[in-house]
Every structure is written in structure tokens, then in C-alpha cells.
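J.: Got a sequence here, can you build the structure:
(chains A and B, ligands or ions: 1)
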Amino acid sequence: MEPFKKITAVGVPLLRINVDTDCIIPSREMKKVSKVGLGEGLFAGWRYKDTSGREPDPDFILNDDRYSDAQILLSGVNFGCGSSREHAVWALVEYGFKAILAPSFGGIFYNNCTRNGLLPIILAEEDIALLAEWVAENPQENRLVIDLVRQIVSGPEAVAFHFDISPQDKDMLLNGFDMIDVTLQRENEITAFEQQDRRIWAKLS
Amino acid sequence: MVSSLGDGVDLLYIDRIFLHERTGSIALKGLQEKKRPLRHPENVFCTIDHIVDTLPGRGDETLMMGGKDFIQSTRASARDAGITFFDIGDAQQGIVHVISPEQAIVLPGLTVICPDSHTCTQGAFGALAFGVGSTEAEHAMATGCLRLEKPKTLQISFEGQLSEGVTAKDMILYLIGKYSAAGGSGYSVEFCGDAVSALDMEARMTLCNMAVEFGAFTGMIAPDEKTIAYLEGRPYAPKGVDWTRALCDWQNLESDEKANFDKKITINAADIPPMITWGTSPGQAMALDGLVPDSAKMSDPHAQQAAEKALAYMDIHPGRPLSGLAIDGAFIGSCTNSRLSDLRRAGEILKGRKVAEGVRAICVPGSSAVKRQAEAEGLDRIFTDAGFEWRESGCSMCFYAGGESFGLEQRVVTSTNRNFESRQGPRVRSHLASPETVAASAIMGHIASPKEVEDGTL
Ligand code: SF4
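T.: Sure, this is the predicted structure:
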């Protein structure tokens, strides 16, 4: 996974609440046992005029040319709630998103993001609203800056918001770590735990 | 817990991993591509439930384009990985969260994960059971562990007794309706109180099933004698002296009286009416005999906007009742409400009656074992005589994978857990309710309560 440090990019406001993973990538768009080929199905139910075709619905914001190269999504509470499908994150990443701003996230979705180099940022609703308004004035000019090292999102002049992220997630994103390798370095501890575990009744063979 | 990694993150040992062909296939493939061995294949189980057809006589072919590829690839990966696999046609096959308890793969005090958000269902057994993504499932299979930040804790106590005709499904819809679909965000929930203790194990699973629809990390219920009675003698339950040891450990699992929770919610069980959802989020729920809320009167502008969108999508009007609204479909199934007790209760209502003309009614038992037992009791005849389709077990039309659907803009009363836009098929309008309400609505041809079927009153 690609390391994330600092980006300056176009943001796109999709200020709906409870955007669930079925909406982000409808099940019918997950056609193969694969993590790729999903970008086209992103928000398919909203993005295209009908469910089988690919004719863009001009009313949907991602189809607005001014946002065509957006890399930052601004949304409402509980973004990514619902199904655990990691395909939602794979689709967002393939489409080109690097960060999502929302007041809260679905828990599984949040973890799926950090495991795939997509930065989930929790900001207060009014802060997101302010950034969204500024972005919408002139999407191509009014680019957002996200600095993961300093944990800051900046918008219009003198407006910058600090965000929280756990040190583990930050580390993982900054370095693009594959966590399986990192955890496997603790092989000794894991084996020791397995040998000491008193719950003999729980062992399967 | 294996060790603390600092900053509130723990390395947590994972005792059981369950997979299914929808999201588990990609996790197995991921490991195989990187040539990573599974640390404990004996702890890993896999079923075929999500994409497989539920039509009688099914095989690997599915109505969903490319579905066969998921099934066959999962089967091949599962064999290579040496994990336990419940295939199509096997006696143990079924929806993951139905068969894990049936087989006693989930046990009190264990950690159980599955790349599926409704893994919280299994918290009903006092296990720490939660949904993860495919990458996390890979991590757990390769290392035996997950890195986990400890969630905050929320105790939800349902005090007193439920009114007659009110079920676990109504309890959870009431909770989510009152505190919103994000109300449990960031919390691990423990359900307790007299009304929870009074529930049987199957109803407890219904309650925990929708903890994730409340935004919670998971839901759980402390084990008691009902838990133990349910598990004893099941295939993967500990045997002999191990069973005695397990019982001993489980006695210590109850949160002690003074346990500190970050937050507590108390609900008076008697306040809960039969519930149904009106919108496209499980939080958009109301009393079955109530009126659709008026979006114009909502104080939060985002909730208002969402409500307007949902009202338009569902084609319903504020201030009017939902009951009486004509329906096109009725669905009884899913990991929420497809167990034997659910089918029995629905069967009570269907017995000797007919589904209204023009309504497509489908019943999908949650597991092959549930189906066999239901057939032994003659429930299948009650359903089919009434005009229900009687299916093989699986997720079926709980979600639309590109195969079967009710059809554009059709209105469906469903015993499932998600009423999201297009969840049950493109532009399908789903109303979540208990199996009883689904059965009653199927008979009447409109949204109806069992009471209306019995004596014509609302
Ligand atoms: S029955 Fe529905 S909610 Fe349950 S696991 Fe299957 S698809 Fe998911």
C-alpha cells in the first residue's frame, strides 16, 4: 500500500448522513473474486441513470466536471456504515480518493480504510460544512491540504483543523506497512500466549 | 490478549474465524497469493451462503452473473488452506451466523471474527464476536491475532417485561429508532436486564444481530443457564472434562454488578410496541400502528434531509399510517430472523390462511438444519399451503447480489436487518419488521399486524 504523507487536492462534498457501504459499492458491482475493477461501480446507484447501464446521472456530484479529479470526499455522520465489504474502500481508492472527511464512520469501514492507504478523518460537522462550502465555491482553485504528519486539514486562509488518529493507524498510513509482516515479528509472544492459554477447552484439533 | 502494543492498542488472540464466499474468498486468495500459511487452519471455518441460489435443486450455477466463480474459487481455496468447509448440499450448510451457534463453534468467552458485519449476532453467547474487513481476516488467519483498539463500553438494560406480541426484533428497532443508526458508534454494547434474560437464545441472537445497525462495534449478552443448555452436546462444544472446565470459566464471565461502563442506557421494555421501519436506515423506525414522522418537524437539518430523501425513495407520506399500505413482497429469512422459533411463530399466523393475491412471499430457512427440522414439524407445508415459496438455506434476497430481486419499486415487508436503498434489489422498498408482522402483512396484502389478521382490528 502506498504511503500517505501530505496531499493538496480537490475535495467533493457529498453531505449525506449514513452513507452505507451498499451505496458506496452496490453488491451487484462486485462481480469477481478480486480487489480491482471496482472503481467503475463506485456509488453506481447514484452515479448512473439506471441500474444496468453506465449513462451518468448529471445530478450526481461526482459527474460534475469541476470535481472530476477529486481526491478528498466530504460527507456526513456514520459514513461507511453497514456491510463489512472492503470492496467499498477498494472502490474509493481505485476511483482516486485518498481521504474521507466525516463526523463519524462505520467502525469496520474505518479500519478497512487505514489498511488500504485511505485516510479517514473525523472532524466536527460544522467544520466539514465550512470546508464544503469553500470547496464548492471553486472546486479547482479551492484545494484542501491534508498533512498527516501534523494531523491538520487546511482550507481557506487561516482555517485549519487538527484531527485525531491513533498512533498505530498513523504509522501504518505514513509508512504503507503491511501489518501482517509487522505482527509476525511478534511470533514469540504469540507462541508463548498459545502455550500458556488456560482455556484448554477452547482448542480445536 | 497476547500483549499490549501501547497507545491503547492490544494484540488480541482470535479463537475462531469464519468465512463465506462473498468476502472470505478474497481473504483466502490474498493469503495464497502472498504464499502465507494459515497459523491454525483448524480454527477456520467457511460456508457458502451469500451468493448461492436458494432455489430447490441448486448447484454451483447462480442467477448472479459470475456467482459460480465465487463459489468455486472459495471451494478450491478452502480445500488448499485445509480449513473446515460447509459446502452446498452438506447437512451443516447455512448462513454463517446461524450455523456457527448451531455447531457450537462460537462459545462464551471466545473471540470470533468473520469478514461480515453481522458477526455481532454471535455475541448472544457471551463471545467477543465482531465483523472485520477481508484484510483483517487475512491478518487473523496468518498471525492468529488482530490489533485492536479497545472500544468504549455501553450497557443497555431492558428493564421489566415486554408486552404481548413484542419480540426481540421490535426491541432492537425501538432502540435504533430512538438513538439513531449511529447511536452506538464506537461502543461495544452489553445487553442486559430482565427482558433480555427472559429471551431464549434465538431471540438473543436477533437482538445482537442488529447491534451493528446501531453503529456499535459489537453487541453481547452474558452467558447464563440458557446459553449452556443451548450449547451442550452440539458438534464443536467441548466434551467430557473439557466441558466441565469450560463451565467453570464461563461462570466468571458475567460483568460484575459494579462494572464500569462508559455509558448506560435504560429502556422500559413495556414501552416497546411492535415496530417497523419507514425509511432507508434502520434508525428510521416507528410503531407499527403509528404515523410516519413529519420531516418538516425534525430539528436536525441532516436528519431532515435524509428523511425527505427516504420518504421520496419509499414513496410514503408524513403524518399517515404505514399500516394498510399495499405490499408486493414478503420475505422471511436472514441471519436476523430465520431460525426455527421465527418460522414457528410466523407459521402460527399462516396456518390455514392464504397469502393475498399479488404478493410474492418467500421463506428461506437460515440453515439446512433449520430447514430439516422445520420440515419434520410440518412447517414447510404450512408455508407452502399459504402460498409462500419454501427455499434452500442461504442469505437469498436479504441482499441483492445481482441475481434475484423483488423488482423495481416494489414494496416488501422483510424480517431482515437492512432497509438501505436497493439492498434487496434495485429500487426495492424494504420495511424491516418481525417475522410475525411479515406473515400478517403477506396474508392481508398490506402492512398489517398479527392482531389485524386474528380479529380485524389494528
Ligand atoms: S443473511 Fe443478510 S445480513 Fe445476514 S449474513 Fe447474509 S446477507 Fe448478511
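J.: Is the worst-scoring helix or strand of chain B on mean pLDDT positioned near chain A?
T.: One helix or strand of chain B scores below all others by mean pLDDT, DSSP states H and E: strand B:3-6, with a mean of 86. Yes - against chain A, strand B:3-6 shows contacts by C-beta under 8 Å from any C-beta of the partner chain at B:3, B:5-6. Just so you know, the C-beta spots here come from the backbone N, C-alpha and C atoms, and that holds for glycine as well.
J.: Which one of those residues sits in the busiest neighbourhood?
T.: residue B:5 (18 neighbours; other C-beta atoms under 10 Å in any protein chain shown).
J.: give the contact list for that one.
T.: Taking C-beta atoms under 8 Å, 6 or more residues apart in numbering or on different chains as the criterion, residue B:5 is in contact with A:168, B:11, B:147.
J.: hmm, try it at 6 Å
T.: By C-beta atoms under 6 Å, 6 or more residues apart in numbering or on different chains, residue B:5 lies in contact with residue B:11.
J.: Now do the strands in chain A.
T.: Along chain A, the segments classed as strands by DSSP state E run A:6-9, A:11-14, A:72-75, A:99-102, A:119-122, A:144-147, A:152-154, A:160-162.
J.: and residue A:190, which of these is closest to it?
T.: Nearest to residue A:190, of all the strands of chain A, is strand A:119-122, at 28.1 Å by C-beta to C-beta.
J.: Just the pLDDT for residue 163.
T.: Assuming you mean chain A. Note on residue A:163: pLDDT of 98.
J.: not what I meant, chain B
T.: Listed pLDDT for residue B:163 reads 98.
J.: State the number of residues packed around it.
T.: Count around residue B:163 with other C-beta under 10 Å applied: 13.
J.: same question, residue A:23
T.: Neighbours of residue A:23 using other C-beta under 10 Å come to 23.
J.: Identify the residues contacting the nearest residue to residue B:269 once chain neighbours are set aside.
T.: Leaving aside its sequence neighbours, residue B:269 sits nearest to residue B:195 (C-beta to C-beta, 6 or more residues apart in numbering or on different chains; 3.6 Å). Counting by C-beta under 6 Å, 6+ apart, residue B:195 touches B:158, B:162, B:269.
J.: what's the spacing between residue B:195 and residue B:175?
T.: For residue B:195, the distance to residue B:175 equals 12 Å [C-beta to C-beta, to the nearest Å].
J.: all strands of the stretch 51-200 of chain B, in order?
T.: B:84-86, B:111-114, B:128-131, B:145-149, B:152-159, B:187-192 (DSSP state E, counting those that start in this stretch).
J.: Can you show me the CA trace of the longest one as CSV?
T.: The C-alpha trace of strand B:152-159 is given here as CSV (Å, rounded to 0.1, in the frame of the first residue of the first chain):
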residue,chain,number,x,y,z
LYS,B,152,-15.7,2.1,24.8
THR,B,153,-18.4,0.2,26.7
LEU,B,154,-22.1,0.8,26.7
GLN,B,155,-24.6,-1.1,28.8
ILE,B,156,-28.1,-1.2,27.5
SER,B,157,-30.6,-2.5,30.0
PHE,B,158,-34.1,-3.5,29.0
GLU,B,159,-36.0,-3.5,32.3
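J.: out of the residues of strand B:3-6 next to chain A, which one sits closest to the ligand?
T.: The shortest approach to the ligand among the residues of strand B:3-6 next to chain A belongs to residue B:5, at 30.7 Å (C-beta to the nearest ligand atom).
J.: where's that closest one relative to residue B:145, distance?
T.: From residue B:5 over to residue B:145 (counting by C-beta to C-beta), the distance is 10 Å.
J.: Spell out which residues are contacts of both of those two.
T.: Joint contacts of residue B:5 and residue B:145 (C-beta under 6 Å, 6+ apart) are residue B:11.
J.: Following the chain past the least confident helix or strand of chain B, name the next helix or strand.
T.: strand B:9-13 (DSSP states H and E).
J.: Identify the residues contacting that next one?
T.: Residues contacting strand B:9-13 (C-beta under 6 Å, 6+ apart): A:168, A:193, B:1-5, B:145-149.
J.: Please spell out the PyMOL selection for the buried subset of those.
T.: Only the buried members of the contacts of strand B:9-13 end up in this PyMOL selection, burial being decided by 16 or more other C-beta atoms under 10 Å in any protein chain shown:
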select buried, (chain A and resi 168+193) or (chain B and resi 2+5+145+146+147+148+149)
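J.: Out of the contacts of strand B:9-13, which comes closest to the ligand?
T.: Nearest member of the contacts of strand B:9-13 to the ligand, counting by C-beta to the nearest ligand atom, is residue B:146, at 20.2 Å.
J.: So what pairs up with the closest one in the strands?
T.: residue B:12 (DSSP bridges).
J.: Now residue B:105. Nearest residue, chain neighbours left out?
T.: residue B:236 (4.9 Å).
J.: Residue B:101 is in contact with that neighbour, correct?
T.: No - checked against C-beta atoms under 6 Å, the pair residue B:236 and residue B:101 is beyond contact range at 10.2 Å.
J.: what about the two, which has more around it?
T.: residue B:101 (26 against 17).
J.: and that one, how far is that from residue A:162?
T.: Counting by C-beta to C-beta - residue B:101 and residue A:162 are separated by 45 Å.
J.: And for residue B:416?
T.: 41 Å.
J.: Residues touching stretch B:281-298, excluding its own?
T.: Residues contacting stretch B:281-298 (C-beta under 6 Å, 6+ apart): A:18, B:173, B:176-177, B:180-181, B:213, B:273-278, B:304, B:307-308, B:310, B:316, B:318-321, B:449, B:458.
J.: And the helices in chain A?
T.: A:21-24, A:44-47, A:87-95, A:107-114, A:125-137, A:167-175, A:179-184, A:187-196 (DSSP state H).
J.: Please name the residues that touch the nearest residue to residue A:163 once chain neighbours are set aside.
T.: Leaving aside its sequence neighbours, residue A:163 sits nearest to residue A:121 (C-beta to C-beta, 6+ apart; 4.8 Å). Residue A:121 is in contact with A:99, A:101, A:163, counting by C-beta under 6 Å, 6+ apart.
J.: In JSON lines, list the residues you listed along with distance to residue B:250 and neighbour count.
T.: Shown next, in JSON lines, are the contacts of residue A:121 (distance: C-beta to C-beta, whole Å; neighbours: other C-beta atoms under 10 Å in any protein chain shown):
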{"residue": "A:99", "distance to residue B:250": "44", "neighbour count": "23"}
{"residue": "A:101", "distance to residue B:250": "44", "neighbour count": "25"}
{"residue": "A:163", "distance to residue B:250": "42", "neighbour count": "18"}
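J.: For the ligand, give me its nearest residue in chain A.
T.: residue A:83 (7.1 Å).
J.: Residue B:117 is in contact with that residue, correct?
T.: Yes - applying C-beta under 6 Å, one finds residue A:83 in contact with residue B:117, separated by 5.4 Å.
J.: can you give me the angle the helix or strand encompassing residue B:207 makes with strand B:152-159?
T.: Assigned by DSSP H and E, residue B:207 falls within helix B:201-209. Calculated by axes from the mean of the first three to the mean of the last three C-alpha atoms, to 10 degrees, helix B:201-209 forms an angle of 140 degrees with strand B:152-159.
J.: ok, so what distance separates the residue nearest to residue A:57 when sequence neighbours are not counted from residue B:108?
T.: Among residues not flanking residue A:57 along the chain, residue A:49 sits closest, at 4.9 Å (C-beta to C-beta, 6+ apart). Distance of residue A:49 to residue B:108, computed by C-beta to C-beta: 51 Å.
J.: Comparing these two, which residue is more hemmed in?
T.: Each of residue A:49 and residue B:108 has its neighbours counted (other C-beta under 10 Å); residue B:108 has more, 24 against 13.
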